[in-house]
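Participant: Here you go, sequence then predicted model.
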Amino acid sequence: MTGQSSYVLTSMDRIMNWARANSLWPLAFGTSCCAIEMMMSSMASRHDLSRFGAEVVRPTPRQADLLILAGTIVKRMAKPLRVLYEQMPEPRYVIATGACTISGGPFTYNSYTTVRGADEIIPVDVFVPGCPPRPEALIYGIMTLQKMIKTGEAYGQPYQRRRPITAALPPGMTQAQLQKEIAEFLEAHATIDVDKAAHNNRWEKERY
Amino acid sequence: MTDAELFAKLQEVDARVVQLPNCRPLAVEVPVGFLLAFMGKLKSRPDLRFIQLLDHLAMDWPEKNEFELVYQLYSIEHDLLLAVHTRISRESPYALTMSRLWPIAQYQEREVFDLFGILYEGHPDLRRLFLEDDWVGFPLRKDYKDYFMLEMPE
C-alpha cells in the first residue's frame, strides 16, 4: 500500500501465494494413530486449526490441496496413496507427520510391509516429527508450510520442488508456553483497533 | 468360580491337561492329539459352556522347533475365561480345524495360516486373508526373509 492511494504494488505470484497459504484445504487421509492427533488439531475446540485458515477437511482429493499423511504407510496403501496424490489439483502440498511417515519409525527394520518414508512414494514439503506429534506440533508444521508458501519456497508445481524441511518444535517447550505464543501471535495479527480504523476512514474525515 | 475349581472341572473332562504357571486367566496345555475332543466337551458341558471363541493365535519357537497354538475361550453363561495351549511340530505344521465347533474359527484360522503357514485339516476354505494371493512365505515366522526387509545392523 502506498499512502493515500488505493492501488497495490505487488507481483501476481505473491498475491496468489498469500491466498493459497491462507486457504489450505486438507484431505482427510489418516491411516493410524497420528490421525487421532490430526483430528484433535483440526476439529477439536482446544486446538482449532480454523484459526489459521486450514479447517475445511475434505473427503475427496479433487477438492483438497493439502495432503496430511497421518500414519504408517504400508506397501498395499502405497498405490492408492499415489493415486490420491495424482488426483489432487495443483498446486498441492504434502505434510508428513509422525515417525512412520518420515523413516518407517519403529517398523524400519525387520518389517515386511512398512514403506520406509513417505517420500519414497510422493514428494513431501514438511516433515513433522513425533510419535505421534502433539496437535501443537502439527499446527506448527502447518504454519511452517504457510510461511514456505508465502515466501514462494513451496510452489506446488511438479519438478520445481525444493528439499523437504523438518518443522520440529523447540525442545523443552510446554503446552502452556506454546498456547501463550499462539495467542500472542493471533492477537497481534487479528486485532483491529476500531478507533484507529475509523479515524483513518476517508469518508469520516470528509463528513466532519 | 476360582481358577482352582475351574481346573478341577477341566481335569474331570480330561485328566491329561496341564496347568501353565503364572497365567491369569487360567491357561492349560493339552496334547494336540485329543484337542478337538477336549474342545467339544468344553463347549457342550452344561457347567462350562464355552460357547465363544474369542481369539486364536500362534507363536513360533524356532529353538524348540515347534509352533504353539492358543485358543481364547469365553463362557457367557458362567462368565469364565480360559486359554487352551497346544504345541505342534515345525516340520509338519498340521492341526485340526475348530470351525465345526465355532464357525468364527474359519477367519481366525485363515489369518494364522496367512502369517504362520499352519495347515488346518478339514477347513472348508483355507486361503490367505490379509496378504496378496501370490505372496511367497509366511512373514511372522522367525526365519522369514524378504527382498524388501531391512536387517537390523548390530
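Facilitator: On my side now, so go ahead.

Participant: Quick check: closest non-adjacent residue to residue 48.
Facilitator: Assuming you mean chain A. residue A:55 (7.3 Å; C-beta to C-beta, 6 or more residues apart in numbering or on different chains). The C-beta positions use only the backbone N, C-alpha and C, and glycine is treated the same way.

Participant: right idea, wrong chain: chain B
Facilitator: residue B:42 (5.5 Å).

Participant: if I pick that neighbour, what's in contact with it?
Facilitator: Residue B:42 makes contact with B:10, B:13, B:48, B:50, B:73, B:82, B:84 under the criterion C-beta atoms under 8 Å, 6 or more residues apart in numbering or on different chains.

Participant: element containing it?
Facilitator: Per DSSP states H and E: residue B:42 is located in helix B:35-44.

Participant: Tell me which residues touch the residue nearest to residue A:48, please.
Facilitator: Counted by C-beta under 8 Å, 6+ apart, residue A:55 has contacts A:42, A:48-49.

Participant: What score does it have for pLDDT?
Facilitator: As predicted, residue A:55 sits at a pLDDT of 73.

Participant: Phi and psi next, for it.
Facilitator: The phi/psi pair for residue A:55 (degrees, to the nearest 10) reads phi -100, psi -10.

Participant: Report the separation between it and chain B.
Facilitator: From residue A:55 over to chain B the distance is 35 Å, taken as C-beta to the nearest C-beta, to the nearest Å.

Participant: And the contacts of stretch A:12-25?
Facilitator: The contact list for stretch A:12-25 (C-beta under 8 Å, 6+ apart) reads A:53-54, A:56-58, A:63-66, A:91, A:93, A:142, A:145-147, A:149-152, A:155.

Participant: can you list contacts of stretch A:111-123?
Facilitator: A:67, A:69, A:72-76, A:78, A:81-82, A:85, A:94, A:96, A:100-105, A:107-108, A:124, A:161, A:164, B:139, B:144, B:146, B:148-150.

Participant: Is residue A:179 in a helix, a strand, or coil?
Facilitator: Under DSSP: H, G, I helix; E, B strand; the rest coil, residue A:179 falls in the helix class.

Participant: how about it, what does it touch?
Facilitator: Neighbouring residues of residue A:179 by C-beta under 8 Å, 6+ apart: residue A:136.

Participant: Now, the contacts of stretch A:111-123 that are in strands?
Facilitator: Counting by DSSP state E, the part of the contacts of stretch A:111-123 found in strands is A:67, A:69, A:94, A:96.

Participant: quick one on the thing from earlier: among the contacts of stretch A:12-25, which ones are buried?
Facilitator: A:54, A:57, A:64-66, A:91, A:93, A:142, A:145-146, A:149, A:155 (16 or more other C-beta atoms under 10 Å in any protein chain shown).
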